[in-house]
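Undergrad: From the sequence below, what's the structure:
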Amino acid sequence: MDVAHWLRTLGLERYEAAFRENRIESDVLPSLTIEDLKDLGVTVVGDRRRLLDAIAALRAEPSAHLSLVGQGRVGAEAERRQLTIMFCDLVGSTALSLARDPEDLRDLIGGYQRAVAEVVERFEGFVARYMGDGILIYFGYPHAHEDDAERAARCALAIVGAVSSLNLAEELSARIGIATGMVVVGGAAPEHDVVGETPNLAARLQTLAEPNTVLIDETTRRLIGGLFEYRDLGAVEARGFAGTVRTWEVLRPSAVASRFDALRACKLTRLIGRREELEFLLR
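TA: Presented below is the predicted three-dimensional model:
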């Protein structure tokens, strides 16, 4: 996205130099606050109001800008991928909206979003969409790692800590749901959208989570093995899903001595019918 062109469409090209000198690019633009605009020299109230409204519109349309993580655009060709998907929600946002001035609330939400984006970037995840106080995050797209499920769990615990420690005149808390499974990315779906059961399951787990907790599904639990300590919540009802869903709460990283053992709870299967190969190895 060309920030200079964006300013010209608003009739505010007079601020192009200030934006350029302060390195305001497409990844930073959606997170600008009223204080940032004042620092940029936007002293005219009308201009500041136009900019804030336009920035709010960018946040409401994720396809119109790059995410804060700065991963960029991806190809439109559809593909099947296994993703670990995270839904992060700010607890009590409705009460906050009733108690605070809209501009103050926007600054608070912006601080929360920036804190989450910084943690996600640290664990090489991808912020796919901002939905008010909710954030949709992918691990395994557009860049995949062999330990995406583990990265997601560690990232979620770090997000809970980062949000609860924010000094924004309110004590904030987050709740997070994580699910892993096959999805279809790209094709006819809007940019960065995925199609499949997994995002819906992650969203349902997030709604079941208590403040400052992380819930995961059975597939994620199997992939991350004994790398974390858990609380088994058993089979829970998830709206929109037939039957029940096995769910765990991730408490903290475990003090494992061996990652190999932590990821393989049972003993390795004995080699069967490989007598000649074993004899060769022994020789």
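
Undergrad: What are the structural domain limits within this structure?
TA: Here the domain parsing of the chain from automatic domain parsing is 3-64, 79-263.

Undergrad: Which of those domains comes out lowest on mean pLDDT?
TA: Mean pLDDT per stretch puts domain 3-64 lowest among those, at a mean of 81.

Undergrad: just to revisit the earlier point, return the most buried member of the domains of the chain.
TA: Each of the domains of the chain was scored by mean neighbour count; the highest is domain 79-263, a mean of 18, by mean count of other Cβ atoms under 10 Å. All C-beta atoms are positioned from the backbone trio N, CA, C, and that covers glycine.

Undergrad: ok, now which ones touch T180?
TA: Contact partners of T180, counting by Cβ atoms under 8 Å, 6 or more residues apart in numbering, are Q82, L83, T84, I85, A149, T198, D217, T219, T220, L223.

Undergrad: quick one on the thing from earlier: want to throw the domains of the chain into a markdown table with distance to F280?
TA: Output for the domains of the chain, formatted as a markdown table (distance: least, Cβ to Cβ, whole Å):
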| stretch | distance to F280 |
| --- | --- |
| domain 3-64 | 56 |
| domain 79-263 | 25 |
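
Undergrad: which stretches of the stretch 101-250 of the chain form strands?
TA: 126-131, 134-139, 174-185, 194-195, 213-217, 228-237, 244-253 (DSSP state E, counting those that start in this stretch).

Undergrad: who does the first one touch, helix- and strand-wise?
TA: This points to strand 126-131. helix 102-122, strand 134-139 (3 or more Cβ pairs under 8 Å, 6 or more residues apart in numbering; DSSP states H and E).

Undergrad: for the shortest one, same thing?
TA: Under the contact criterion of 3+ Cβ pairs under 8 Å, 6+ apart, the helices and strands touching strand 194-195 comprise strand 174-185.

Undergrad: hmm, try it at 10 Å
TA: strand 79-90, strand 174-185 (3 or more Cβ pairs under 10 Å, 6 or more residues apart in numbering; DSSP states H and E).

Undergrad: before we move on, the earlier item: of all the helices and strands packed on strand 126-131, which one is nearest L172?
TA: Within the helices and strands packed on strand 126-131, the stretch nearest L172 is helix 102-122; the backing value is 6.3 Å (Cβ to Cβ).

Undergrad: follow-up on the earlier one: for the helices and strands packed on strand 194-195, give me a markdown table that also has distance to L166.
TA: A markdown table is the format used below for the helices and strands packed on strand 194-195 (distance: least, Cβ to Cβ, whole Å):
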| stretch | distance to L166 |
| --- | --- |
| strand 79-90 | 10 |
| strand 174-185 | 10 |
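
Undergrad: Out of these, which gets nearest to H143?
TA: Per Cβ to Cβ, nearest to H143 of the helices and strands packed on strand 194-195: strand 79-90, 11.0 Å.

Undergrad: now the closest one against strand 134-139, angle please.
TA: 140 degrees (axes from the mean of the first three to the mean of the last three Cα atoms, to 10 degrees).
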